[in-house]
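Peer 1: got a predicted model here, sequence first, then my questions.
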Amino acid sequence: MPLVDIQLIEGVFDDGQKQKMIHDVTEAMVRIEGEPMRGVTWVRVHEVASGEWAIGGKSLTAADVKAVQSEPA
């Protein structure tokens, strides 16, 4: 029984985006494991409060992530 945890900063993704993550990760696992594993493939989304996630000692907020998302590619 696979268990996939997705950890996100709260407020970055909306409910529809989180549901798409769950769906797409489930589909990826089923492609690898086979259709019989669909019913026992768990995907959990954990949200961490904005500012309680840090990289290199610097707190990261939802606003920081959204700023990166809006940068030109």
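Peer 2: Received it, and whenever you're ready, just let me know what you need. Numbers count the residues shown, from 1 in each chain.
Peer 1: all the strands of this structure, residue numbers only.
Peer 2: According to DSSP state E, the chain carries its strands in the segments 3-9, 42-48, 53-55, 58-60.
Peer 1: these: which one's closest to H23?
Peer 2: Between H23 and the strands of the chain, the shortest gap by C-beta to C-beta is with strand 42-48, which sits at 8.6 Å. No exception for glycine: its C-beta is placed from N, CA and C like everyone else's.
Peer 1: report the backbone C-alpha coordinates of that closest one in PDB.
Peer 2: What follows is strand 42-48, C-alpha atoms only, in PDB (Å, rounded to 0.1, in the frame of the first residue of the first chain):
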ATOM      1  CA  TRP A  42      -3.100   6.900  -0.400                       C
ATOM      2  CA  VAL A  43      -2.200  10.500  -1.200                       C
ATOM      3  CA  ARG A  44      -2.200  13.100   1.700                       C
ATOM      4  CA  VAL A  45      -1.800  16.800   1.400                       C
ATOM      5  CA  HIS A  46      -0.300  18.500   4.500                       C
ATOM      6  CA  GLU A  47      -0.300  22.300   4.700                       C
ATOM      7  CA  VAL A  48       2.300  24.100   6.800                       C
END
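Peer 1: chain center to that strand: distance?
Peer 2: Mean C-alpha position of strand 42-48 versus that of the full chain (C-alpha atoms, centre = their mean, to the nearest Å) differs by 7 Å.
Peer 1: what strands line up against that strand, and which way round?
Peer 2: Using DSSP bridges, the strands paired with strand 42-48 in its sheet are strand 3-9 (parallel).
Peer 1: burial count for D5?
Peer 2: Other residues lying near D5 total 9 when counted by other C-beta atoms under 10 Å.
Peer 1: how about it: what's its closest non-neighbour residue?
Peer 2: Once flanking residues are discounted, D5 sits nearest to R44: 5.2 Å by C-beta to C-beta, 6 or more residues apart in numbering.
Peer 1: ok, that neighbour - contacts?
Peer 2: By C-beta atoms under 8 Å, 6 or more residues apart in numbering, the contact set of R44 is 3-6.
Peer 1: per-residue pLDDT of the closest residue to R38 other than its chain neighbours, please?
Peer 2: Nearest residue to R38, sequence neighbours excluded (C-beta to C-beta, 6+ apart): V30, at 5.1 Å. The model reports V30 with a pLDDT of 97.
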